[in-house]
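S.K.: pasted the sequence and its predicted model underneath.
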Amino acid sequence: DTGVSQNPRHKITKRGQNVTFRCDPISEHNRLYWYRQTLGQGPEFLTYFQNEAQLEKSRLLSDRFSAERPKGSFSTLEIQRTEQGDSAMYLCASSYHRPTSGRKNNEQFFGPGTRLTVL
Amino acid sequence: AQSVTQLGSHVSVSEGALVLLRCNYSSSVPPYLFWYVQYPNQGLQLLLKYTTGATLVKGINGFEAEFKKSETSFHLTKPSAHMSDAAEYFCAVTLMFSGGYNKLIFGAGTRLAVHP
């Protein structure tokens, strides 16, 4: 399977603990996105990378959240001192961005998500 | 700022009936619009997208959507529902930047139920 993969698929933690999620994008994709989806809502943008550079962060990404993509391949999203309000599905997506391609397609492909439950 | 409103959080149809899922958008510049489908415990799959050109867009699984600028709408339709269409559907909008588009802004979603 050459799609976007995310691990773990499910994570249950106690309030105050730290958690880390991993996303492996499609291998040739240079852009990687993180979204958060709470129950009954659509995904909300958190942040994205082009290669290893983090180009944009949403206001939703508080100081307790940090994302990295150290070698421009896989990415990690860490949440420190988790709160019950952090319970959500965390989705990762990747795309191939060609700066000189004009209006060429760079569709975002989504992974299956990591469902976080904070007790 | 861009936003998306999906009218109706739940839609129920009979198998074989017309499916109509409504999406209205707000954007200060010409938008790029998408419909995604999400099955339980899975990620999102792109159904179709409108970028430029023909306003009637055909997607996978027999779905299509029409971009109507005057109505700021991008409703999703399928002539005949199948049981396998039961899922959650999300409308999304983005802006096109040089070389491609960026983050997606999603609506709250519409859960489609199909009954025999």
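M.R.: Structure received.
S.K.: ok and the residue in chain B nearest chain A?
M.R.: Across chain B, no residue is closer to chain A than B:F106, which sits at 3.2 Å (C-beta to the nearest C-beta). The C-beta positions use only the backbone N, C-alpha and C, and glycine is treated the same way.
S.K.: identify the residue nearest that residue in space, chain neighbours excluded?
M.R.: Excluding the flanking residues, the one nearest B:F106 by C-beta to C-beta, 6 or more residues apart in numbering or on different chains is A:G42, at 3.2 Å.
S.K.: next, the one you found: secondary structure please.
M.R.: coil (DSSP: H, G, I helix; E, B strand; the rest coil).
S.K.: what about it, neighbour count?
M.R.: The local packing of A:G42 (other C-beta atoms under 10 Å in any protein chain shown) involves 23 other residues.
S.K.: is B:K58 bridged to anything, and to what?
M.R.: B:E64 (DSSP bridges).
S.K.: would you confirm that the residue nearest to B:F106 contacts B:T110?
M.R.: No - using C-beta atoms under 8 Å, A:G42 makes no contact with B:T110, being 10.0 Å away.
S.K.: which neighbours do those two share?
M.R.: B:F90 (C-beta atoms under 8 Å, 6 or more residues apart in numbering or on different chains).
S.K.: can I take it that A:A67 is in a strand?
M.R.: Yes - under three-state DSSP, A:A67 falls within a strand.
S.K.: which residues touch B:Q42?
M.R.: A:112-113.
S.K.: that one belongs to a strand?
M.R.: No - judged by three-state DSSP, B:Q42 forms no part of a strand; its state is coil.
S.K.: for it, phi and psi?
M.R.: Dihedral pair for B:Q42: phi -130, psi 170, per degrees, to the nearest 10.
S.K.: now do A:V19
M.R.: phi -130, psi 150.
S.K.: beta partners of it?
M.R.: Beta-bridge pairing of A:V19 under DSSP bridges involves A:I79.
S.K.: coming back round to it: so the residue of chain B closest to chain A touches A:P43, yeah?
M.R.: Yes - here B:F106 reaches A:P43: they are 5.0 Å apart, a contact under C-beta under 8 Å.
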